[in-house]
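>>> Build me a model from this:
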Amino acid sequence: MTDTPELALPLLAPAQAQKHVTVNEALMRLDGLAQLRLQSVSETTPPAASDGLAYAVPSGAVNAWAGQEGAVAIASGGGWIFVPAQRGWRAVVLDAGSLAIFDGAAWRVGAQTLTPGGASVGVTSAEFDVPLTASASVTTPVLFPARSIAYGITGRVISAITGAATTWDIGVTGDLQRYGSGLGTSLNSWVSGPGTPQVYWSPTTLEITAQGGNFAGGTIRLVAHYAELSLPDPV
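Predicted coordinates:
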């Protein structure tokens, strides 16, 4: 055995010369894998290697990551150390702001469980900045994917809302105040709209509606909180 079975840490050989090289590489791997923080699980082009940062190598990766699909790439000394991920490993994915579980082939972002047959429950907090245009209402991008179980919306005004609007509402088509009404327009005004869980069977956008007049500008940072159920793997 030349590496440990779980973290693939290199082992010293009897009477090995330059032991510090092997020990230092093992420490770099351990430093990158302990309390695993993946910068991304979707980036296919290696960025500049900044020591200690770790990435999950996805399908289609190129350049220095080519052929390393499924591995964790840890930047070290201007290059990369690759460690094969094991089924059941957990990490926080920083660019997604979510936890993830490796299922043996890929990282499932948001997954909280993973059954022996491959089913899981995923919980996601998806963040979007929504600029307000000169209008009476603004439709967001899709915030709740198809078949998701929506828990609610939270958000904050990150650029003061301008125009004649004195307050605003947020909801969905047919229920325009589902997640909040009479909300403030000043910087750092907020919305915290939990509600009875709602299943959205098709991709769903939100409607932001001005009250008292139209919007002229401003930006709201919205976070959609929802769960998704996944099937067992095919047999």
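
>>> Assign a three-state SS to Asp31, would you?
Three-state call for Asp31 (DSSP: H, G, I helix; E, B strand; the rest coil): helix.

>>> isn't it right next to Leu53, touching?
No. The pair Asp31 / Leu53 is not scored as a contact, 10.6 Å apart, by Cβ atoms under 8 Å. No exception for glycine: its C-beta is placed from N, CA and C like everyone else's.

>>> Mutual contacts of these two, please.
Ile74 (Cβ atoms under 8 Å, 6 or more residues apart in numbering).

>>> ok, those two, which is more surrounded?
Set Asp31 next to Leu53 and count neighbours by other Cβ atoms under 10 Å: Leu53 wins out with 18 against 14.

>>> which element is the closest residue to that one other than its chain neighbours on?
Residue nearest to Leu53 in three dimensions, not counting chain neighbours: Ala75, with 4.9 Å by Cβ to Cβ, 6 or more residues apart in numbering. Assigned by DSSP states H and E, Ala75 belongs to strand 71-76.

>>> Quick check: neighbours of that strand in the sheet, parallel or antiparallel?
strand 54-56 (antiparallel), strand 79-84 (antiparallel) (DSSP bridges).

>>> just to revisit the earlier point, contact partners for the residue nearest to Leu53?
Residues in contact with Ala75, defined by Cβ under 8 Å, 6+ apart, are Gly32, Ala49, Ser50, Asp51, Gly52, Leu53, Ala54, Ile81.

>>> does it have beta-bridge partners, and which?
Taking DSSP bridges as the rule, Ala75 bridges to Trp80.

>>> How about Leu229?
On the basis of DSSP bridges, Leu229 is bridged to Val121.

>>> Pull out the buried residues from stretch 204-216.
Thr204, Leu206, Glu207, Ile208, Thr209, Ala210, Phe215 (16 or more other Cβ atoms under 10 Å).

>>> which residues touch the most centrally placed residue in the chain?
By Cα atoms, centre = their mean, the chain has its centre lying nearest to Ala96, at 1.9 Å. Ala96 makes contact with Ser40, Val41, Val109, Gly110, according to Cβ under 8 Å, 6+ apart.
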